[in-house]
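# Based on what follows, work out the 3D shape:
(2 chains)
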Amino acid sequence: MSEHSSSYKPSNAFTRWMDERLPIIRLVYDSFGVFPTPRNLNYLWTFGGILTFCLLVQIVTGIVIAMHFVAHGDHAFASVEHLMRDVNWGDLIRYTHAVGASMFFFAAYVHIFRGLYYGSYKSPREILWILGVIILLMMIITAFMGYSLVWGQMSFWAVTVITNLFTAIPIVGESITQWIWGGYSVGDPTLNRLFSLHYLFPFIIAALVGLHIWALHVVGSNNPTGVEVKTKEDTLSFFPYFVIKDGFMVIMFALLFSWFVFYAPNYLGHSDNYIEANPLQTPPHIVPEWYFLPFYAILRAIPDKLFGVIAMVLAIVVLFVIPWLDTSKIKSVKYRPMFKPFFWLFVITCLALGYLGAKAPEGYYLLASRLFTAYYFIHFLVVMPVVGLIEKPKALPDSITESVTGKSSPEETAKEGAQS
Amino acid sequence: MSSDHNDEGRRDFLMVAAGSFAAVGAGASLWPLVDQMNPDASAKALASIEIDLTPIKEGQAVTVMWRGKPIFIRKRTADEIKSAESADNADMRDPQTDETRVQKPEWLVLIGICTHLGCIPRGQANGDVHGDFGGWFCPCHGSHYDTSGRIRKGPAPKNLEVPPYTFVSDTKIKIG
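Numbers count the residues shown, from 1 in each chain, chains lettered A, B, ... in the order given. Model prediction:
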């Protein structure tokens, strides 16, 4: 929708003067005011706005926490406790940041599965999708680094296990790992560099979000039918319709967020992280935060160290190429009867891997995590290309307007309007 | 006067030369920024420690720190030595004889870090589990090590590493 010409008209002398020098009001007006948005978007499309809210919450609370945090192996843990006990509102701010990470991933996963269900990764939205996957990768790295800064037992051993993944690289693995550590084991230098990067990455994410929105505004939003916008009747302006809709859902989301912050701030965390890091004792069960459990299950499902690491990395990297793995021209799974059960099987697979990631890797748990890991990859590498070729899709509506009003052409809709 | 053709050759040379110069310069200025992350002089200075073995009794194990890593020192019993040596020909992922892993059969010195993902295996303290092979067991992902610290079962790819050490006297070793 980059073609639509700007309809902005500066209303007074100042805005006219401004518009000739830096047309920033015009940019905001065109992008978030009159921007034509498919009229049939459902509530799953509000998660982009919710995610922007999450990023903002993390940056604001994070900057405040950095005012009290001491990035030193001997003081980090104590400074977090100091923040919790002594600093005015410190516990509220830290709990918001910690719960905020979970809420951020929850919203991101809903956003990704919405994209998978409605085929939002397909042409012409490949770049938009790839930018999203890069943001997901950056979020994973940032969340992991932030978790390490607490310097509790889970933090320390999470850093140890994850940095040791690099030792799986043949020949140079050991040197790379020591380079990351800044020593011969995880220690003070490691903590310091993780803090530095944890502060930097959210701003890179913010820039990537800017590109993501830019790409979105070039191709326009996908919608539940997957049929592209054809006429003006298919759209509504972003303001007020979608601003109100997104705003309503941000409030609903904030209620859930607040429930965790005020009533169950530690529910999503692990109690072992309230024990200070001890390099001589590994906790009996190392478990990552819930949002990493599916990937952790994949890592442990494979009995070989190097291939386990490769599989875990591929589980995310495969998302980059799904615009080309999915051979179906039909975007929305609503119109893909053969693919639909596979989609839900994939959702179950991800939930099951999340459950198994928290269990000890033995017996039936190990067997189950191997089966689900296999399906995770089969879904993308076999089901997506094959089903797209042999499936007979249901008939698509002619237009977005038809799917909403049941009338096929804009003229009919216009007639209807004239009669009433 | 040079022809146009000659001039083009000269320009190509200048382009390549300027480009290479810039690439070398960029690389040279990037290196300090990369290398500063490597272990620093103070980390390297903590290279060696000496340990007195006299207080350790047969069947006992102690853990000491070396370069931020736990070192397992175990005075093995005759049974443990026998079980380690008799397993020399067993099917192993990282085959090594017990003899190559010790300097004196009763003293086993190991870096106490699981070669899978760096957890500390259990088996040092009283009442710890020792795994299926009587040595150490890593709780993170279930690797079993035998009484010579060799990987026998589980995801770890290698035996527990033996640090560089020497006997300074009969009852004292220097690690590093």
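
# any idea which helix or strand of chain B has the worst average confidence?
Per-element confidence for chain B was summarised using mean pLDDT, DSSP states H and E. The lowest value among helices and strands belongs to helix B:41-45, with a mean of 84.

# contacts for it?
Helix B:41-45 is contacted by residues A:182-184, A:189, B:67 when judged by CB atoms under 8 Å, 6 or more residues apart in numbering or on different chains. Using the backbone N, CA and C atoms, a C-beta is placed for each residue, glycine as well.

# Apply 6 Å and report the result again.
Helix B:41-45 is touched from outside by A:Gly183, with contacts defined as CB atoms under 6 Å, 6 or more residues apart in numbering or on different chains.

# How about stretch A:241-249?
When contacts are defined by CB under 6 Å, 6+ apart, stretch A:241-249 is touched by residues A:37, A:46, A:49.

# again, 7 Å this time
Contact with stretch A:241-249 is made by A:37, A:43, A:46, A:49-50, as judged by CB atoms under 7 Å, 6 or more residues apart in numbering or on different chains.

# Could you do stretch B:162-176 as well?
Defining contact as CB under 7 Å, 6+ apart, one finds that stretch B:162-176 is touched by B:47-54, B:66, B:71, B:101, B:103, B:109-111.

# Of those, just the buried ones, ChimeraX syntax please.
Selecting the buried subset of the contacts of stretch B:162-176 in ChimeraX, with 16 or more other CB atoms under 10 Å in any protein chain shown as the burial test, is done by:
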select /B:51,53,66,71,101,109,110,111
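
# What is the nearest of the contacts of stretch B:162-176 to chain A?
B:Trp66 (8.6 Å; CB to the nearest CB).

# Identify the residue nearest that closest one in space, chain neighbours excluded?
The shortest distance from B:Trp66 to any residue other than its chain neighbours is 5.1 Å, reached at B:Ile175 (CB to CB, 6 or more residues apart in numbering or on different chains).

# what bridges to the one you found?
Per DSSP bridges, the residues bridged to B:Ile175 are B:Ile49, B:Tyr165.

# That one: neighbour count?
Residues near B:Ile175, counting by other CB atoms under 10 Å in any protein chain shown, number 19.

# Read off the pLDDT value for it.
We have a pLDDT of 91 for B:Ile175.

# what does B:Ile151 give?
In the predicted model, B:Ile151 carries a pLDDT score of 94.

# any chance you could read off phi and psi for it?
B:Ile151 adopts backbone torsions of phi -70, psi 130, taken as degrees, to the nearest 10.

# Pretty sure A:Ile298 sits against A:Ile310.
No: taking CB atoms under 7 Å as the contact criterion, A:Ile298 and A:Ile310 are not neighbours in contact, 10.2 Å apart.

# neighbour count winner among these two?
Each of A:Ile298 and A:Ile310 had its neighbours counted (other CB under 10 Å), and the higher figure belongs to A:Ile298 (26 against 15).

# What's the separation between the more buried one and A:Gly354?
11 Å (CB to CB, to the nearest Å).

# Please apply the same query to A:Leu137.
The gap separating A:Leu137 from A:Gly354 is 19 Å, by CB to CB.

# between those two, which one's more packed in?
A:Gly354 (19 against 16).

# What's the separation between the more buried one and B:Cys140?
Counting by CB to CB, the gap between A:Gly354 and B:Cys140 amounts to 19 Å.

# repeat for B:Ala18
Here B:Ala18 is placed at a distance of 53 Å from B:Cys140 (CB to CB).

# quick one: which of the two has more around it?
In terms of neighbours (other CB under 10 Å), B:Cys140 is the more surrounded of B:Ala18 and B:Cys140; the figures are 26 against 10.

# Three-state assignment for that one, please.
coil (DSSP: H, G, I helix; E, B strand; the rest coil).

# My guess is it contacts B:Leu117. True?
Yes: with contact taken as CB under 7 Å, B:Cys140 and B:Leu117 are classed as touching, separated by 6.3 Å.

# pLDDT weak spots in the stretch 1-150 of chain A?
In the predicted model, the stretch 1-150 of chain A carries pLDDT under 70 at residues A:1-4.

# hmm, I was thinking of chain B
Regions of chain B meeting the criterion pLDDT under 70 cover residues B:1-6.

# for it, what's the longest helix?
Taking DSSP state H as the assignment, the helix of chain B that covers the most residues is helix B:4-35.

# near chain A, anything from that one?
No: remark: helix B:4-35 sits outside contact range of chain A, by CB under 7 Å from any CB of the partner chain, the gap being at least 8.0 Å.

# which strands and helices sit next to that helix?
Identification of packing neighbours for helix B:4-35 by 3 or more CB pairs under 7 Å, 6 or more residues apart in numbering or on different chains; DSSP states H and E yields no helix or strand.

# list the buried ones in that helix?
If you call a residue buried by 16+ other CB under 10 Å, then helix B:4-35 has no buried ones at all.

# And for stretch A:13-28?
Of the residues in stretch A:13-28, those buried by neighbour count under the rule 16+ other CB under 10 Å are A:19, A:23, A:25-26.

# A:Thr401 is in what secondary structure piece?
Remark: A:Thr401 resides in helix A:400-405, with elements defined by DSSP states H and E.

# Distance from the chain centre to that helix, please.
Using CA atoms, centre = their mean, to the nearest Å, the distance from the centre of helix A:400-405 to the centre of the chain it belongs to is 30 Å.

# Skipping its backbone neighbours, what lies nearest A:Thr167 in space?
Across the structure, with CB to CB, 6+ apart as the measure, the residue nearest A:Thr167 apart from its sequence neighbours is A:Gly173 (4.4 Å).

# If you could redo that for A:Phe380, that was the one I meant.
In this structure, A:Phe380 finds its nearest non-sequential neighbour in A:Val318, 5.0 Å apart by CB to CB, 6+ apart.

# Could you count how many residues lie near that neighbour?
Taking other CB under 10 Å as the definition, A:Val318 ends up with a neighbour count of 17.

# Can you pull out the residues in contact with the host helix or strand of it?
A:Val318 is part of helix A:305-325 when elements are defined by DSSP H and E. Outside of helix A:305-325, the residues that reach it under the criterion CB under 7 Å, 6+ apart are A:121-123, A:126, A:129-130, A:133, A:136-137, A:165, A:168, A:295, A:298-300, A:302, A:373, A:376, A:380-381, A:384-385, B:116, B:155, B:157.
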